[in-house]
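*Asks:* Task: produce atomic coordinates for the following.
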Amino acid sequence: MADGPVDAPASGHRRRWPLRVTSAAVLVILGGAVVASSVITLNVIRHQERLILQERTGEAAAVLSNAFASVQDSLQLLGSIAGSGPGNRHLFVSSARSVLTGPGQGLLVTTQRGASMRVIAAAGAAPAVGQAIPGAQAQLGRRALSTAGMVSGLVQQGTRRWLDFALGGSAGPGTVVWWEAPLSQAIAIAPSPGSPWGYLDIALYLSPRPDPSALIVATTKHLPLAGVQYPFRVGHDTWLLVTASTFPLVGSLVKDTPWIILVMGGLAVALTVTVVEAQGRRRDYAAAQVREKTASLQTALAELQTAQAQLVRQEKLAAVGQLASTVGHELRNPLAVITNALYLLEVAAGENDMMRRHLATAKRETSAATLIVSDLLDYSAGREPMLAPVQVADLITEALSVVPPPAGVQVAGHGDPDLSVTADRDQLRQALLNLITNGYEAMPDGGSLTVSATSAGGSAHITVTDTGLGMSDETCQNIFTPFFTSKARGIGLGLAVTKRVVEAHGGTITVTSTPSAGSSFTITVPAAVMASVPQ
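*Replies:* Sure, this is the predicted structure:
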């Protein structure tokens with residue numbers, strides 16, 4: 001399956017892509033599936049992580065809410081003790097001391113006297129009895145008197161900050177019971193390792209939003225936290241708890257699952273693509289081998305058929321040659337007798353023009369029959385050439401003198417007088433005679449015939465050119481085939497004999513022709529060592 005993408009650049013070479021189309025498709029599909037699985041798993045794990053964090057934050061907020069609810073209960077109880085009578089103030093102090101859990105904390109009861117609030121009972125680090133509380137704290141107290149339930153707030157006194165809880169009316173009309181605790185300037189505290197939420201970063205705000213000025217306590221300096229925000233009620237007010245996990249709540253292995261899927265899936269995809277690519281290339285190689293073997297087999301079959309046809313043809317030609325040899329020998333002597341008889345009759349005819357005209361016709365036809373017999377004998381003989389130096393210019397002159405041109409044909413022959421070849425003179429002359437005779441026959445209405453000889457590259461080139469009828473391409477391709485002829489007379493052996501003679505001398509013969517413009521035959525044979533023509 002040759003579906004690999006290829007590109008054909010200007011150089012003509014086909015560029016091979018690293019992957020086939022099938023392998024690339026498998027890579028894209030499986031790779032996309034692995035990446036999608038990893039992303040989906042990552043989103044699921046993040047969702048689970050957030051759900052667990054929300055659950056843990058809700059638990060922490062519930063604990064804080066319960067703790068502050070106990071503060072409200074304690075303030076309600078202490079207010080009841082303080083408001084039961086002036087003689088129970090010492091009971092309030094003793095009860096308050098059991099509630100205080102840390103240094104710097106204080107419990108007090110105030111009552112509103114005019115525009116100020118004064119302390120009527122105190123315990124711990126609270127202001128002394130009879131002392132007026134500061135304006136910011138007094139404002140919180142007035143809010144507590146107008147609110148049903150405990151209120152809370154941050155009070156700034158100089159460089160110190162206090163977290164105050166106030167419950168109005170619990171010790172009587174116009175009274176406020178207070179619990180206050182100092183806040184350290186270093187708000188970041190380390191989480192307790194034993195705490196259920198020791199794995200969380202926590203920021204607690206005395207406001208419904210993460211306001212830095214309302215921050216009460218945090219377990220980290222990296223604020224604001226990008227985590228879960230959980231608002232909860234403390235008395236009448238809404239506080240905000242913000243948390244973020246310090247390590248994966250779903251577990252380290254689960255947290256790394258998307259990357260494990262990505263790595264293992266990538267390895268599986270790479271292995272699959274490698275196998276698919278290897279199988280595809282192996283199949284292409286096998287298909288290429290099959291095509292190559294098939295082409296070789298078809299070529300061999302074609303060569304075998306050609307050789308078989310050639311063998312059959314050679315056998316037929318051999319049989320025809322044997323027949324031609326027999327017929328030629330049987331006809332040569334009768335033709336010679338007829339020729340002699342015609343000569344004697346021509347002598348005896350005297351001045352009888354009619355007789356001499358009929359005798360000329362008989363001689364011409366006898367000469368044609370003699371030429372056919374000569375072609376048959378020459379083709380069937382096929383003897384090896386007897387090589388000797390031959391002057392090409394003399395050979396051309398001799399051949400033109402043997403076959404004089406018909407009426408209306410102009411003949412020109414020229415060649416290098418120093419050009420010689422090593423050849424069988426009789427065979428090479430016969431080849432030239434055949435070409436010259438064919439040239440004459442191709443010009444029934446007259447024309448010109450040129451025979452020339454040149455040397456080039458160690459070879460002699462003898463060219464016979466006529467201005468006759470010319471030939472078609474199909475005729476040019478078959479003209480040297482034995483018994484092929486386009487003439488009304490003849491058996492088609494002249495050029496076949498000429499080709500055999502030239503090839504026996506180690507040469508070649510070529511033809512160029514244009515219909516209605518003429519033909520040109522060129523014989524190329526190895527040239528002999530140059531020698532000067534004898535003077």
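
*Asks:* Show me the helices in this structure, by range?
*Replies:* 21-82, 89-99, 135-145, 252-255, 257-349, 353-381, 392-402, 425-441, 473-478, 494-504 (DSSP state H).

*Asks:* Out of these, name the one with the poorest average pLDDT.
*Replies:* Across the helices of the chain, helix 353-381 has the smallest mean pLDDT, namely a mean of 69.

*Asks:* Which segments of the chain make up each domain?
*Replies:* The chain breaks down by automatic domain parsing into domains covering 39-245, 385-526.

*Asks:* ok, and what's touching stretch 121-134?
*Replies:* Applying Cβ atoms under 8 Å, 6 or more residues apart in numbering, the contact partners of stretch 121-134 are 82, 89, 92-93, 96-97, 100, 103-110, 116-120, 138, 141, 155, 157, 171, 178, 180, 182. Placement of C-beta: from N, CA and C, glycine included.

*Asks:* got the helices of the chain as TSV, with mean neighbour count columns?
*Replies:* Below are the helices of the chain laid out as TSV (neighbours: other Cβ atoms under 10 Å):
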stretch	mean neighbour count
helix 21-82	16
helix 89-99	16
helix 135-145	19
helix 252-255	12
helix 257-349	13
helix 353-381	16
helix 392-402	17
helix 425-441	21
helix 473-478	12
helix 494-504	21
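
*Asks:* is it true that Val39 touches Leu262?
*Replies:* No: the criterion here is Cβ atoms under 8 Å, and Val39 misses it with Leu262 at 9.1 Å.

*Asks:* circling back: can you go through the contacts of stretch 121-134 and name the buried ones?
*Replies:* The neighbour-count test (16 or more other Cβ atoms under 10 Å) marks 82, 89, 92-93, 96, 100, 105-110, 117-120, 138, 141, 155, 171, 178, 180, 182 as buried among those.

*Asks:* The helices of the chain: which one's closest to His461?
*Replies:* Across those, His461 has its closest neighbour in helix 392-402 (9.6 Å, Cβ to Cβ).

*Asks:* Next, the angle from that closest one to helix 425-441.
*Replies:* 50 degrees (axes from the mean of the first three to the mean of the last three Cα atoms, to 10 degrees).

*Asks:* got the CA positions of helix 392-402 in CSV?
*Replies:* Backbone C-alpha positions of helix 392-402 (Å, rounded to 0.1, in the frame of the first residue of the first chain) are rendered in CSV as follows:
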residue,chain,number,x,y,z
VAL,A,392,37.2,4.3,-51.9
ALA,A,393,37.4,7.0,-54.7
ASP,A,394,38.3,4.3,-57.3
LEU,A,395,35.6,2.0,-56.0
ILE,A,396,33.0,4.8,-56.4
THR,A,397,34.2,5.6,-60.0
GLU,A,398,34.1,1.9,-60.9
ALA,A,399,30.6,1.4,-59.5
LEU,A,400,29.2,4.4,-61.4
SER,A,401,30.7,3.2,-64.6
VAL,A,402,29.2,-0.3,-64.3
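
*Asks:* Identify the residues contacting that helix?
*Replies:* Taking Cβ under 8 Å, 6+ apart as the rule, helix 392-402 contacts 411, 413-417, 419-421, 425, 428-429, 432-433, 436, 451, 453, 460, 462, 533.

*Asks:* Thought Leu469 was touching Ser516, still the case?
*Replies:* Yes: with contact defined as Cβ under 8 Å, Ser516 counts as touching Leu469 (6.6 Å).

*Asks:* Looking at the two, which is more packed in?
*Replies:* Between Ser516 and Leu469, Leu469 has the larger neighbour count (other Cβ atoms under 10 Å), namely 18 against 8.

*Asks:* Once you drop chain neighbours, what's closest to Arg356?
*Replies:* Ala349 (5.2 Å; Cβ to Cβ, 6 or more residues apart in numbering).

*Asks:* Distance check, that neighbour against Ala369.
*Replies:* 21 Å (Cβ to Cβ, to the nearest Å).

*Asks:* Could you do Gly106 as well?
*Replies:* According to Cβ to Cβ, Gly106 stands 157 Å off from Ala369.

*Asks:* now swap in Thr508 and tell me
*Replies:* Computed as Cβ to Cβ, the Thr508 to Ala369 distance reads 32 Å.

*Asks:* ok, and what's touching stretch 36-43?
*Replies:* By Cβ under 8 Å, 6+ apart, stretch 36-43 touches 257-259, 261-262, 265.

*Asks:* Name the nearest of those residues relative to Val35.
*Replies:* Distance to Val35, by Cβ to Cβ, is smallest for Leu262 among the contacts of stretch 36-43, at 7.1 Å.

*Asks:* Check the gap between the nearest residue to that closest one once chain neighbours are set aside and Val275 for me.
*Replies:* Distance criterion Cβ to Cβ, 6+ apart; nearest residue to Leu262, sequence neighbours excluded, is Ser38 at 4.3 Å. Counting by Cβ to Cβ, the gap from Ser38 to Val275 is 22 Å.

*Asks:* now do Met150
*Replies:* Distance from Met150 to Val275, by Cβ to Cβ: 73 Å.

*Asks:* Check Leu30 too.
*Replies:* 12 Å.

*Asks:* still on that earlier bit, can you redo the domains of the chain as TSV with distance to Ala336?
*Replies:* Output for the domains of the chain, formatted as TSV (distance: least, Cβ to Cβ, whole Å):
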stretch	distance to Ala336
domain 39-245	109
domain 385-526	18
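
*Asks:* With Ala307 as the reference, name the closest of these.
*Replies:* Of the domains of the chain, nearest to Ala307 by Cβ to Cβ is domain 385-526, at 17.1 Å.

*Asks:* residues contacting Gly141?
*Replies:* 110, 112, 117, 133, 166, 168, 176, 178.

*Asks:* Show me the beta-bridge partners of the last one.
*Replies:* Put plainly, it is Trp178. Leu108, Ala166 (DSSP bridges).
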